[in-house]
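**Student:** Have a look; sequence and predicted model below, questions after that.
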Amino acid sequence: MKPVVESGMSAARIPEFNGFGPPPPGPLDTLVSYVAGINATVVRPRTMSARTVLELIKIEWKKRDTEDIRTAIAKGDLDSAAWFKCRLPGVTWAGEFSRRAKHALIRRSGLICVDVDDLGARLLEVRAAVFLDRHTVAAFVSPSGTGLKILYFIDVGRPHEDGFRAAAHYVRETFHVEADETGKDVSRLCFIPADAEIYVNEWAEPLPYPPGLAMRSDGPARNSAGRPRVFTKPSCLPGTARRGVKKAKQLVTIPTVAKCLFPYWKPSNSCCSPFRPDKSPSFSVYAEGQRWHDFGTGEDGNVVDFMARACDISHAEAAQSIIEGVDLGILSRNEGQS
């Protein structure tokens, strides 16, 4: 049974409309992509408004799953917490995507989500300050219950990474907290928890950009004809793409990639699968983090296969994401690699 979404959460902040018919769309009617879960295999994510996602958080649609995550963390059972977290739906706040991949961006939303983790005793203090800030579009407690997720309006005429750097600078200078670096990824998936006390200000002021941020290109990679780049299947990768896969395998290990994709999962020679519900260990990461095998499904592979499987993208896209992640400092390079 689908949840009934309440309306009018931000009605008090919407300017009066005296015309006929429905009121004009507000800033939070911008579209984002929604998936049923991080491991959902979908051809194209669903599209919904940012307003609808925030209302789902407010009505505590996923209250039981959120409580299960926090209970598991309190008990120190991080494997179970990771499994419960994978049951939560996710949203790409940065925009609308044709699939869960950086280069599948259709259009940007003008929003950026900043993750502030492990606040501990400062959680209530920081949350109160964030709620009072004129630039906060929305703020809610993370699924773990130990951090905050903060939404800001950014300039879509500038690259997403610039928006992240501006947001990271702002929270550091204003609230004395550090933003999670994985927010640099325009296709970053944010889990949808339950938080009845979510703060929403549809008419928040856009985030200020600090001086010195260089203008760079952004958006989907394009070919010489100006069309979005299409990646081929692994079986017909051209020589350049095959070299990219080889380079990616040399740059990082599976645990390094897993740290960004599955923060609460602990890869080892015998562990639970991050790709499916698995209460007894049936997954293995071996060969010094270079190989993985899922005894439950028979799947196995290297770090590029792991990234492709986790994100439901092609081998070429997975390899490029790894290389870009290393270049941006999101992923740690293997020692001895340059």
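**Tutor:** Yes, it's here. Numbers count the residues shown, from 1 in each chain.
**Student:** Would you map the strands across the stretch 201-338 of the chain?
**Tutor:** With strands called from DSSP state E, counting those that start in this stretch, the stretch 201-338 of the chain shows them at 283-286, 291-294, 300-301.
**Student:** now those as CSV including mean pLDDT?
**Tutor:** Shown next, in CSV, are the strands of the stretch 201-338 of the chain (pLDDT from 0 to 100):
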stretch, mean pLDDT
strand 283-286, 93
strand 291-294, 92
strand 300-301, 90
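**Student:** Need those in JSON lines (columns: distance to residue 112 and mean neighbour count).
**Tutor:** The C-beta positions use only the backbone N, C-alpha and C, and glycine is treated the same way. Below are those laid out as JSON lines (distance: least, C-beta to C-beta, whole Å; neighbours: other C-beta atoms under 10 Å):
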{"stretch": "strand 283-286", "distance to residue 112": "32", "mean neighbour count": "20"}
{"stretch": "strand 291-294", "distance to residue 112": "32", "mean neighbour count": "19"}
{"stretch": "strand 300-301", "distance to residue 112": "33", "mean neighbour count": "16"}
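**Student:** would you list those in JSON lines and tack on distance to residue 177?
**Tutor:** Listed next are the strands of the stretch 201-338 of the chain as JSON lines, based on distance: least, C-beta to C-beta, whole Å:
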{"stretch": "strand 283-286", "distance to residue 177": "32"}
{"stretch": "strand 291-294", "distance to residue 177": "34"}
{"stretch": "strand 300-301", "distance to residue 177": "37"}
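**Student:** Which of the ones you listed sits closest to residue 178?
**Tutor:** Closest to residue 178 of those, according to C-beta to C-beta: strand 283-286, at 28.3 Å.
**Student:** and that closest one, what other elements does it pack with?
**Tutor:** With contacts defined as 3 or more C-beta pairs under 8 Å, 6 or more residues apart in numbering; DSSP states H and E, the packing partners of strand 283-286 are helix 254-261, strand 291-294.
**Student:** Let's have the ones you listed in CSV, adding distance to residue 84.
**Tutor:** Below are these laid out as CSV (distance: least, C-beta to C-beta, whole Å):
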stretch, distance to residue 84
helix 254-261, 16
strand 291-294, 20
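**Student:** Out of these, the one nearest residue 116 is which?
**Tutor:** helix 254-261 (16.6 Å).
**Student:** which helices and strands sit right next to the closest one?
**Tutor:** Using 3+ C-beta pairs under 8 Å, 6+ apart: helix 254-261 touches strand 283-286, helix 303-311.
**Student:** now for these, which one comes closest to residue 27?
**Tutor:** Here helix 303-311 is closest among the helices and strands packed on helix 254-261 (C-beta to C-beta), at 29.0 Å.
**Student:** and residue 84, helix, strand or coil?
**Tutor:** The three-state label given to residue 84 by DSSP: H, G, I helix; E, B strand; the rest coil is helix.
**Student:** Okay, now the unreliable bits of the stretch 1-150 of the chain?
**Tutor:** Across the stretch 1-150 of the chain, the ranges flagged by pLDDT under 70 are 1-25, 37-44.
**Student:** ok so, going back, possible to save the helices and strands packed on helix 254-261 as TSV with distance to residue 271?
**Tutor:** Formatted as TSV, these follow (distance: least, C-beta to C-beta, whole Å):
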stretch	distance to residue 271
strand 283-286	5
helix 303-311	13
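**Student:** which stretch among those comes nearest residue 136?
**Tutor:** When the helices and strands packed on helix 254-261 are compared (using C-beta to C-beta), the closest one is helix 303-311, at 29.5 Å.
**Student:** what's in contact with stretch 280-290?
**Tutor:** 249, 253-256, 258, 267-274, 291-296, 302-303 (C-beta atoms under 8 Å, 6 or more residues apart in numbering).
**Student:** OK, contacts around residue 186?
**Tutor:** So residue 186 contacts 94-95, 102, 105, 108, 160-161, 218 (C-beta under 8 Å, 6+ apart).
**Student:** Adding secondary structure, neighbour count and distance to residue 67, write the residues you listed out as JSON lines.
**Tutor:** Conversion of the contacts of residue 186 to JSON lines gives the following (DSSP: H, G, I helix; E, B strand; the rest coil; neighbours: other C-beta atoms under 10 Å; distance: C-beta to C-beta, whole Å):
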{"residue": "94", "secondary structure": "coil", "neighbour count": "27", "distance to residue 67": "28"}
{"residue": "95", "secondary structure": "strand", "neighbour count": "21", "distance to residue 67": "30"}
{"residue": "102", "secondary structure": "helix", "neighbour count": "21", "distance to residue 67": "32"}
{"residue": "105", "secondary structure": "strand", "neighbour count": "22", "distance to residue 67": "34"}
{"residue": "108", "secondary structure": "strand", "neighbour count": "23", "distance to residue 67": "33"}
{"residue": "160", "secondary structure": "helix", "neighbour count": "23", "distance to residue 67": "33"}
{"residue": "161", "secondary structure": "helix", "neighbour count": "16", "distance to residue 67": "35"}
{"residue": "218", "secondary structure": "coil", "neighbour count": "16", "distance to residue 67": "38"}
